[in-house]
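>>> Provided below are the primary sequence and the corresponding predicted coordinates.
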Amino acid sequence: MNILHTLPSTESMNAGPSYSVPRLCQSIALLGHNVSLLTLGSPNVQRDGRFVHERLAPDMPLNSFLGRLGRSQAME
């Protein structure tokens, strides 16, 4: 299964979701799923097995991001 999580930012490690959501994604990936976490911040990509955390620049045009999204055939 491919899973996409989005979070406004993980730059402040003092916030609960900044700590818990990446760890949740890592745990789900350990179960054999492909997990992507997209956040805004300093552009960066971190890979850990089936878990990918990609930080996108806040001023990035939405066209470049939205073009990468897919949809379920059941939704067509």
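Arrived safely.
>>> could you pull out the helices in the protein for me?
16-30, 62-66 (DSSP state H).
>>> just name the most buried of those.
Greatest average neighbour count among the helices of the chain goes to helix 16-30 (a mean of 15), per mean count of other CB atoms under 10 Å. (Glycine included, C-beta is placed from N, CA and C.)
>>> packing partners for that one?
When contacts are defined as 3 or more CB pairs under 8 Å, 6 or more residues apart in numbering; DSSP states H and E, helix 16-30 packs onto strand 2-7, strand 34-40, strand 51-56.
>>> which one of the ones you listed lies closest to residue 26?
Nearest to residue 26, of all the helices and strands packed on helix 16-30, is strand 51-56, at 5.2 Å by CB to CB.
>>> what's that closest one packed up against?
When contacts are defined as 3+ CB pairs under 8 Å, 6+ apart, strand 51-56 packs onto helix 16-30, strand 34-40, strand 44-48.
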